[in-house]
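Engineer: below are the sequence and a predicted model; questions follow.
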Amino acid sequence: MSRRHSPTRGAHPGTDRPAGCEDRQPVMEVQDLSVRYGNAPALRDVTLTIPRGCITAVVGPSGCGKSTFLTCLNRLSDLVPDCRVTGSVRFEDRDILNGDTDLVALRRRVGMIFQKPNPFPLSIRKNLTFPLRHHGSPSGKALEEKVEQILCQVGLWDEVKDRLDAPALELSGGQQQRLCLARALVLEPRVLLLDEPCSALDPITGGVVEDLILSLRGQYTVVVVTHNLAQARRIADEVAVFWVRHGVGTLIEDGPVGQIFDAPRSERTAEYVRGIRG
Amino acid sequence: MRDAPAPAVPSLPRGGTDWADRAVTAAVWSVALLFTGVFLWIVGDLVRHGLPHLSWGFLTDAPMDAGRAGGIAPILVSTFLIVGVCLAVSLPLGVGTAVFLAEFSRGESLPARLVRGSLDVLAGVPSIVFGLFGNALFSLYLGMGFSILSGGLTLACMVLPILIRSTEEGLRAVPDDYRKAAAALGLSRTATLWRILLPAATPGLVVGLVLGIGRALSETAALLFTSGYVARMPGSLLDSGRSLTVHIYDLAMNVPGGEANAYATAVVLVTLLLVINMLTFQIADRWLHRRITRT
Amino acid sequence: MSQPRGDASLIWAVRGLAVASGGIVLLIVAFLALEAIPALREVGLRRFFTDASWHPADGADRGAFNLVPMVAGTLTVATGAVLIATPLGIASALFCRFYAPGALGRAYRRLVELLAGIPSVVYGFWGLVVLTPLIRQWQPPGQSLLAGILILTVMILPTVALLSESSLRSIPAAYLRGATALGLSRWATIRGVALPAARSGIFTAVILATGRAVGETMAVLMVMGNIVQVPGSVFDPVRTLTANIALEMGYAMEVHRSALFVTGLMLMAIVVVLVAANARLGREGRRA
């Protein structure tokens, strides 16, 4: 039997995270968020509250602006030329869309995982230590322990402990995605943004990653974009349904997972979750 | 030029009864044969006349009797010094410019277009014009005289476009995923560049470097009036130094009876270039291989 | 776009380096112009084309500054080489791409790349000791316009061949499959589909080769005899603008030296025209 560290809730001393997401305390408050690429509007008037410790799933047909929405939450939208974001996103008592936001600090607090696993072309170890060191974290033994602890948390330790200095690109797709998750978690973010984290993986490895996401519940606030409704139903506490209206993405309904799937308020949502449209 | 992976091309139908088709086939094959023949003629001639004069002593001795006898030791040293100066200046300038073009400017922005346009012109400037420029700026205006420094700096201007283009392509070949991942982790662009992008772009940089060295080693006209003709062992970078190419030119044109040593020098030069060429192929192939296996 | 802190110095550094690299061309033009001014002022541009001969060493008043023979030399040798090298280079590219069996095509391509890497002074030397004696046996003196054209052809052929080949290679395979599916023969496919699709790339190749032919110094200097005269036949020795600079810079003084910088400016102008033509073609190629 392999030794497995079960992810322990509240593993980081000094932070008081709730054990679950029952209290629905807001962490991020999105107000009237609109995005344009050049002259083409991509997202219009999204207002949504992300509750602390919960898993919020963002679902909808392709092209409805789900991923665009996600990239606004850590200002990765800045990387896209001509991308203009308006509205406000409140996080830790600040509007992160403000020009004077410290992007390094923001992105450290709001981690992100992409659809395609994208480890750096470095060794497995360096993938974790490079970002840590850059943010001025411990070195030497403490660093080694941190690497082990985080790899255990994503269930990768037993698979890679003998080859930490091997290139990360030699790992399988699922392993790479878990390494990317570890790389984000090692910076101890409050919020994790996941952009279709399982869709580039085969069903079995996708399932492993999905279980992992579920294990983050309570300890982290998770926003996950998915086009897989069954997955949203399995893992989410809150669901936000996006739709394309007149060629522009917008939010049509959000609420607890039970409401969206069993008693949706909007006709479109009902048709979408029943698989009639979308 | 980058070796893009050749797309699977359907082989076109062969033969056929069409007379035009047959005539073109014959013509195309004869051109290829002719070209191969010329190549073998040139290389065979160099080897046949040059190899007998080559010896260890030829590489380690100083030239005597205006180059008719003796070796090319000081000329080799001068050549390497000139190339060294050229790289020491062009490398930081080239990599910095490539980083600007690939990472810190948008393709259509005015500064990027201006820099690109001026590099296109620079790439086409005849080498003798570089010679005029180097003579006016480095030798006279900046007072470096006919020196290895003047020659190296002139060549630096000349190889810059090659270096920049290759490094820029190397950077552009780095998947955007890395940039996104780095930004999402809150890494500064400086750290991303040094730790992720430049290492990943190294093959492009090395190809550019090797091509640049090749161009610098081959150059003659730009050196005639910048680094000069002096065939003595250089004592410093401010001494004049004769490059291999200038030596070949001088022996062939100005020294009756210098042919044999001109041949031998040409063999040394072409061998050097051949080794460099092979190196480029190796690196480019391995790079290509890695990019294919990864995707 | 706001940048994370700490990147400002990097951004300013690469901007500075880019400005420096981009500024070299301006520096070149500025220094050529600066050195050319005395000749342009004392001799004037017109006399470069109307004077009786080229005897620039006697000063602005008593000397003569006719560049026409050198311009004629440059134009004839470059035109001749480009005219021969273009069809041969395209044929060579076609061989590589469509006619040679796989391994042979790759080997041939490498051979062409090796030819492209041989220094011009080596070509010149080979031309001097091998080619010109052969021509001399046929039509003395051997060092001639013909020798220059032949050597330049061999030198720019790899440029045309390699660039045309990479342009042919970037044609979508679907085009070719479509033509083959129509039952067209190989040559009909090439003429009807491949060459038109690769047209702009081939133009670029020819333009770059022209630039190289105009700017080449060493090889033409060593095989063309360097007599200042408008060539009457391909067997006459001639001198090009570039060779003229290489031959006379060593001892030219004052107005003479300045006149050589005027020819440098002329060469520079030709390059700018060629690069601009190429950029224009490239834009049209993308639009088409």
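Structural biologist: All right, it came through fine.

Engineer: now the strands for chain B?
Structural biologist: For chain B, the strands defined by DSSP state E occupy B:63-64, B:69-70.

Engineer: between the ones you listed, which one is closest to chain A.
Structural biologist: strand B:63-64 (49.0 Å; CB to the nearest CB). (Glycine included, C-beta is placed from N, CA and C.)

Engineer: in the stretch 1-150 of chain C, which spans are helices?
Structural biologist: Ranges of helices within the stretch 1-150 of chain C are C:8-42, C:47-50, C:59-62, C:68-94, C:102-117, C:120-126, C:132-138, C:145-169, based on DSSP state H, counting those that start in this stretch.

Engineer: reformat those as a markdown table; add mean pLDDT and distance to residue C:234.
Structural biologist: Below are the helices of the stretch 1-150 of chain C laid out as a markdown table (pLDDT from 0 to 100; distance: least, CB to CB, whole Å):
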| stretch | mean pLDDT | distance to residue C:234 |
| --- | --- | --- |
| helix C:8-42 | 94 | 32 |
| helix C:47-50 | 91 | 24 |
| helix C:59-62 | 81 | 35 |
| helix C:68-94 | 95 | 8 |
| helix C:102-117 | 89 | 24 |
| helix C:120-126 | 96 | 18 |
| helix C:132-138 | 93 | 9 |
| helix C:145-169 | 94 | 4 |
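
Engineer: return the most buried member of these.
Structural biologist: helix C:120-126 (a mean of 27; mean count of other CB atoms under 10 Å in any protein chain shown).

Engineer: so can I have TSV of the strands of chain B showing mean neighbour count and mean pLDDT?
Structural biologist: Formatted as TSV, those follow (neighbours: other CB atoms under 10 Å in any protein chain shown; pLDDT from 0 to 100):
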stretch	mean neighbour count	mean pLDDT
strand B:63-64	18	90
strand B:69-70	15	88
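
Engineer: looking at the helices of the stretch 1-150 of chain C, which is nearest to residue A:92?
Structural biologist: When those are compared by CB to CB, helix C:8-42 sits nearest residue A:92, at 25.1 Å.

Engineer: centre of the chain versus that closest one, how much separation?
Structural biologist: The chain centroid and the centroid of helix C:8-42 are separated by 23 Å, computed with CA atoms, centre = their mean, to the nearest Å.

Engineer: quick check, that helix touching chain B?
Structural biologist: Yes: contact of helix C:8-42 with chain B (CB under 8 Å from any CB of the partner chain) involves C:9-11, C:13-28, C:31-32, C:34-35.

Engineer: start to end distance for stretch B:64-71?
Structural biologist: 8 Å (CA to CA, to the nearest Å).

Engineer: and the helix or strand containing residue A:111, is it in reach of chain C?
Structural biologist: Using DSSP states H and E, residue A:111 sits within strand A:110-113. No: judged by CB under 8 Å from any CB, strand A:110-113 and chain C are separated, with a smallest distance of 14.0 Å.

Engineer: what packs against the following helix or strand past that strand?
Structural biologist: Note on strand A:110-113: by DSSP H and E, the next helix or strand toward the C-terminus is helix A:124-134. Helix A:124-134 sits against helix A:141-153, helix A:173-185, with contacts defined as 3 or more CB pairs under 8 Å, 6 or more residues apart in numbering or on different chains; DSSP states H and E.

Engineer: name the nearest residue to residue C:84, sequence neighbours excluded.
Structural biologist: In space, residue C:84 comes closest to residue C:153 once its chain neighbours are excluded; the distance is 4.7 Å by CB to CB, 6 or more residues apart in numbering or on different chains.

Engineer: on that earlier part again, and the strand holding residue A:111, does that touch chain B?
Structural biologist: Yes: contact of strand A:110-113 with chain B (CB under 8 Å from any CB) involves A:111, A:112.

Engineer: now stretch B:260-278: buried residues?
Structural biologist: Residues B:261-270, B:272-273, B:276-277 are the ones in stretch B:260-278 that count as buried (16 or more other CB atoms under 10 Å in any protein chain shown).

Engineer: from those, which has minimum pLDDT?
Structural biologist: When these are sorted by pLDDT, the bottom entry is residue B:277 at 80.

Engineer: please give me every residue in contact with that residue.
Structural biologist: B:214, C:113, C:114, C:117 (CB atoms under 8 Å, 6 or more residues apart in numbering or on different chains).

Engineer: what's the neighbour count on the closest residue to residue A:111 other than its chain neighbours?
Structural biologist: Among residues not flanking residue A:111 along the chain, residue A:184 sits closest, at 3.4 Å (CB to CB, 6+ apart). Per other CB atoms under 10 Å in any protein chain shown, the neighbour tally for residue A:184 reads 26.

Engineer: any idea how far residue A:184 lies from residue A:64?
Structural biologist: For residue A:184, the distance to residue A:64 equals 25 Å [CB to CB, to the nearest Å].

Engineer: same question, residue A:166
Structural biologist: Distance from residue A:166 to residue A:64, by CB to CB: 40 Å.

Engineer: the more surrounded of those two?
Structural biologist: With neighbours defined as other CB under 10 Å, residue A:166 and residue A:64 compare such that residue A:64 has more, 25 against 13.

Engineer: count of neighbours near residue B:179?
Structural biologist: So residue B:179, with other CB under 10 Å, has 19 neighbours.
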